[in-house]
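J.: return a 3D structure for these sequence lines:
(chains A, B and C)
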Amino acid sequence: MIRRVFIVNAALVATLIMGVACGQQVPINAAGATFPYPMYSKWFDEYHKKFPQIPINYASIGSGGGIAQVTAGTVDFGASDGPMTDMQMKQFQDKRGSAILHFPTVLGADVPTYNIPGVATALNFTPEALAGIFLGKITKWDDPELTKANPGVKLPSSNIVVVHRSDGSGTTYVWVDYLCKVSKAWEIKVGRGTSVNWPVGLGGKGNEGVSGSIQQTANSIGYVELIYAVQNKMTYGKVKNASGEFIQASLASVTAAAAGIPMPDDFRISITNAPGKGVYPISSFTWLLIPSKIADPTKKKAIKDFLAWMLADGQKMTEALSYAPLPRAVVAKEVKAIDKIQ
Amino acid sequence: MLSLRRKTVNAVMLSLTGVCTVLAVGTLLFILGYLFLHGGTSLTLDFFTKLPKPVGEPGGGMANALLGSAKLLLLASCIGVPIGFLGGVYLAEFGGSSFSFVVRYTTDLLNGVPSIVIGIFAYTLIVLPQGHFSTLAGGLALGVMMIPIAIRSSEDFLRAVPVSLREGAMALGASKAKTILTVVIPAAKAGLLTGIMLNLARVAGETAPLIFTAFGNRYWSPGWEQPTAALPVMIYTYAISPYPDWKQQAWSAGFVLLMLVLAINVFARMILSKGGHAAR
Amino acid sequence: MAASSTTNFSARPSGRASTFWQRLRSGDDIAYVVTLTCALTILAITALLVFELYKNSAVPRHQFGWSFLVTTTWDPVAGQFGALPFIYGTVVTSALALLMAIPLGVGAAIFLAELAPMRISNALTFLIELLAAVPSVIFGLLGIFVLVPALVSIEPAIRSVLGWTPLFSGPFYGVSIFSAGVVLTVMIIPFIISISREVILAVPAEQRDGALALGATKWETTWNVVIPFAKKGIMGSIFLALARSLGETMAVTMVIGNEPKIHQSLFAPGYSIAAVIANEFAEATGDLYLGALIELGLVLFGLTIIINGLARVLVLTTTKKGAI
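T.: Numbering: from 1, shown residues only, chains lettered A, B, ... in the order given. I've put the predicted structure just below:
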């Protein structure tokens, strides 16, 4: 007992000294997904202004990197565009001796973007058309599957050039996750992953690799992040959702996708092809990955405070950067989950 | 008298080298000009004095990344240049055996290892055992990358020093070490500097080995034990972001990175020319 | 190794008569030991690196064995990994880059060292060296937004001259093996020019004067006297350039098309080892997938061994023939 008190005291003294050494700051390091980086850097910057003693430093090293680093314990928390798998969660449990918690932060969406000379309107895409094009079954722009959905648009009889992401990314995961849900053939032949074995097409590195290739190749189609398309004023198509409506991606239609789905307690859920009216079907959450046990009391408090702030004030900043905010129900559920961090 | 054929060959070949120069230098100048137009023209003082700002807020800078890059380069040079240079001295002055062949071969191999693999290497060697990312790990990764170019360029330039110079010094009774130190190295100085500058320039622009080691930082990074920002990493994250104002900053940072290398280069040449021997 | 270091000792001119202490005082042995240690450090680092790569690629090595090298499927979802398309892409892009960069680079180096006024030559070389510092992501962006459109516009011209070969057949989308070769050429040229120029400048003036006095033209002097004299250094610069092109990631991946298939045409998309590692490493999860990427690093290492060896053999044979 006495010994334990001694250790706790020693630890306290040590933290104090360390705190003094760093100018009484508690630097918190986090790493992971690239997609929410601009949003996170804005949040952490604003939060730092409010609480100057807590700089949170976030590096966008990729979702896989985020999961690996939080598991290795080199960062205080991680971030990912895809939920961790059961096996990854077990690995975390084995290595760190506690569970990992998922906290959704914002929503993103993938949009189909294309370059067809003479076509400047937002085309309608059925799930069958998208799956067919990316499987290499639909090879011409005037395929009946496309002309049927786009009455009045004159589509050329040219070969379709498919462009996809070549780097492993959450954007790709969301895209192929959607294709898996709407096409049995895709699920069997290709499957889900941050990188897959594409049946057809050119690979572009990152959003600019894809958009650059599309700009320079006539009759091409690819997919990019909604924010990238909005900020760079690209043309992108509408996609038919589960209720049969052709919906163009927007912050509202993306948030709607998250509202219509029952949320599990661990927040790990895919919302592609979600049911409901006005829902954009190729949407997804992005998550913070936070260990359920944080040894350092200062860091624990800082992280919990940040989460509470992010769910209240932070959500109001999302739309200025073109991110879709969380639906209210999800926010309420997350606020309760903050107490799980011990 | 020269035959017409020999004259023509002479003229044709010499003009061809001129064409090569125009082609090569033209492309390179185009890139420099492009960078200047896209990045240099929108530079402000804030860039050098302020911390990064979030998207949409004007007036942010990359002061921390500038300092971070300078620290990383300093650390990398402290590791890479001495080892590479002395290794090069070995190959040029003591080498000649099959062991030298092995060293030379290995150097070329190390040089061909993709920079991201070097990053992973430094990550498993330093970051994992220490449990955190640091300037130190980033500097080591860059330092390892510097060794091959340092060793090969030093060897090349030391070898280019004529044998007659060495023989002269030896004939005067100087020991081999003294000859190398007082005759060979000074004679090769301009070349050695070229090698080091090329080397610094190369690692200054590297992103991949830093992502898993120096990690990046939006704030200042005191000391050597914390994650640090670096210009190429900032350039990379900003260049691939969706926002036009960050992309703009990425171009500016690219231009500044070149200016940083230029400044180091000029500075080094000034020191060298003060040292006595005319440096080109 | 012990044997080789003894040969070294006896090969040193001051080695014979003096005692160990005399030699130590003169600094020769200190110099020898210090420089040798540095040379050994390279071996140690490389060995450690290979060991790490080997250790971390155990899972795919056991699962696929040698078939990893000769199969062409790369399917992270199904856990099928084959390296052949990446090996092909790496070899072809680097070869293309050298094919274009060596004549251009050495030609420019000759001009800058032998013909251009020293002041201009110095200024240009200075700028060229600066280019080595351009981050590869910027080369990549320039590649996709400037070079690719330019190549698309001159494609008909290339095709009309070389279109009869199967190497330039099929549709051209701008991103291709060929485009990657061009980007690499631009990236490696600074190494070849600046080191070669420096080495050529270091050739003693007597060598040139002698040949010129014998009535050789400027070109004959350069080609038959200066270049052979500087050859070792020029080769060194080419090896540096080759290594850089083998390991380049960001710029290549932007313009190569990233399709893990082998096409006959250089106008078709491809993929390289370094590019796939950089593309997929950050998002890869699971021992097999991560291991496969690390094994690719090991393969690239092996490939570098072979290519370097072949290049050395090539140099040896051409030296005998071309020395004149």
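J.: in chain C, which helix or strand is least confident?
T.: helix C:2-11 (a mean of 36; mean pLDDT, DSSP states H and E).
J.: try chain B
T.: Every helix and strand of chain B was ranked by mean pLDDT, DSSP H and E. The lowest is helix B:244-274, at a mean of 82.
J.: other SSEs contacting that one?
T.: helix B:4-39, helix B:46-49, helix B:63-89, helix B:189-204, helix B:231-239, helix C:118-131 (3 or more CB pairs under 8 Å, 6 or more residues apart in numbering or on different chains; DSSP states H and E). For glycine as for every other residue, the C-beta is placed from the backbone atoms N, C-alpha and C.
J.: please state the offset of it from the chain centre?
T.: 12 Å (CA atoms, centre = their mean, to the nearest Å).
J.: the inter-axis angle of that helix versus helix B:63-89?
T.: Interaxial angle of helix B:244-274 relative to helix B:63-89 (axes from the mean of the first three to the mean of the last three CA atoms, to 10 degrees): 40 degrees.
J.: give the buried residues for helix B:244-274.
T.: B:245-247, B:249-262, B:264-265, B:269, B:272 (16 or more other CB atoms under 10 Å in any protein chain shown).
J.: again, but for stretch B:34-50
T.: Residues of stretch B:34-50 classed as buried: B:34-36, B:38-40, B:43, B:47 (neighbour count, 16+ other CB under 10 Å).
J.: ok, which of those also contact chain C?
T.: Among the buried residues of stretch B:34-50, the ones lying near chain C by CB under 8 Å from any CB of the partner chain are B:34-35.
J.: who in the stretch 101-250 of chain A is up against chain C?
T.: Contacts of the stretch 101-250 of chain A with chain C, taken as CB under 8 Å from any CB, map to A:161, A:166-170, A:190-198, A:201-205, A:208-209, A:212-213, A:216-217.
J.: residue A:107 versus the residue nearest to residue A:327 when sequence neighbours are not counted, what's the distance?
T.: Distances taken as CB to CB, 6 or more residues apart in numbering or on different chains place residue A:259 nearest to residue A:327, at 3.9 Å, with adjacent residues excluded. Counting by CB to CB, to the nearest Å, the gap from residue A:259 to residue A:107 is 10 Å.
J.: who has more neighbours out of those two?
T.: Between residue A:259 and residue A:107, residue A:107 has the larger neighbour count (other CB atoms under 10 Å in any protein chain shown), namely 26 against 17.
J.: for the more buried one, which residues are in contact?
T.: Residue A:107 makes contacts with A:254-255, A:257-258, A:283-286, A:323-326, as judged by CB atoms under 8 Å, 6 or more residues apart in numbering or on different chains.
J.: could you count how many residues lie near the residue in the stretch 101-250 of chain C positioned nearest to chain A?
T.: Scanning the stretch 101-250 of chain C for proximity to chain A using CB to the nearest CB identifies residue C:144 as nearest, at 3.9 Å. Counted with other CB under 10 Å, the neighbours of residue C:144 add up to 28.
J.: from residue A:61, how far out is residue B:214?
T.: In terms of CB to CB, residue B:214 sits 11 Å off from residue A:61.
J.: dump the residue contacts of residue A:267.
T.: A:83, A:102-104, A:285, A:287, A:330, A:333-334, A:337 are the contacts of residue A:267 under CB under 8 Å, 6+ apart.
J.: need the pLDDT of the closest residue to chain B within the stretch 1-150 of chain C.
T.: Here the stretch 1-150 of chain C gets closest to chain B at one residue, residue C:107, 3.0 Å apart by CB to the nearest CB. Note for residue C:107: predicted pLDDT of 94.
J.: now the one 10 residues further on
T.: In the prediction, the pLDDT value recorded for residue C:117 is 92.
J.: how many neighbours does it have?
T.: Counted with other CB under 10 Å, residue C:117 comes out at 8.
J.: what's the answer for residue C:276, then?
T.: With other CB under 10 Å as criterion, residue C:276 counts 28.
J.: that's a strand at it, yeah?
T.: No. Residue C:276 is assigned helix when assessed by DSSP: H, G, I helix; E, B strand; the rest coil, not a strand.
J.: just the buried residues of stretch C:281-289, please?
T.: For stretch C:281-289, by 16+ other CB under 10 Å, it's C:281-286, C:288-289.
J.: just the endpoints, please. Distance across that stretch?
T.: 9 Å (CA to CA, to the nearest Å).
J.: please see if that stretch touches chain A.
T.: Yes. Applying CB under 8 Å from any CB, one finds stretch C:281-289 touching chain A at C:281-286.
J.: can you name the residues of chain C sitting close to chain A?
T.: So far as CB under 8 Å from any CB goes, chain C lies against chain A at C:73-78, C:80, C:140-141, C:144-145, C:148-149, C:152, C:173-175, C:250, C:253-254, C:257-260, C:269, C:271, C:275, C:278-286.
J.: so which of the residues you listed belong to helices?
T.: C:140-141, C:148-149, C:152, C:250, C:253-254, C:275, C:278-280 (DSSP state H).
J.: ok, now which ones touch residue A:272?
T.: Applying CB under 8 Å, 6+ apart, the residues contacting residue A:272 are A:174, A:177-178, A:181, A:281-284.
J.: how about a cut-off of 10 Å?
T.: Residues near residue A:272 by CB atoms under 10 Å, 6 or more residues apart in numbering or on different chains: A:109-110, A:173-182, A:242, A:257, A:280-284.
J.: what about those, which are in helices?
T.: Checking the contacts of residue A:272 against DSSP H, those in helices are A:173-182, A:257.
J.: please report phi then psi for residue 112.
T.: This is for chain A. phi -80, psi 130 (degrees, to the nearest 10).
J.: hang on, the earlier thing: show the pLDDT at the residue nearest to residue A:327.
T.: Note on residue A:259: pLDDT of 90.
J.: before we move on, back to that, max pairwise distance over the residues of stretch C:281-289 next to chain A: which two?
T.: C:282 and C:286 (13.9 Å; CB to CB).
J.: name the residues contacting each of the two.
T.: residue A:64.
J.: helix/strand/coil for residue A:105?
T.: The three-state label given to residue A:105 by three-state DSSP is strand.
J.: and if you look at residue B:57?
T.: Following three-state DSSP, residue B:57 is assigned to coil.
J.: shouldn't it be in contact with residue A:317?
T.: No. The pair residue B:57 / residue A:317 is not scored as a contact, 11.5 Å apart, by CB atoms under 10 Å.
J.: more neighbours, these two?
T.: residue A:317 (18 against 11).
J.: tell me the contacts of that one?
T.: A:39, A:42-43, A:46, A:106, A:310, A:323, A:325, B:54, B:56.
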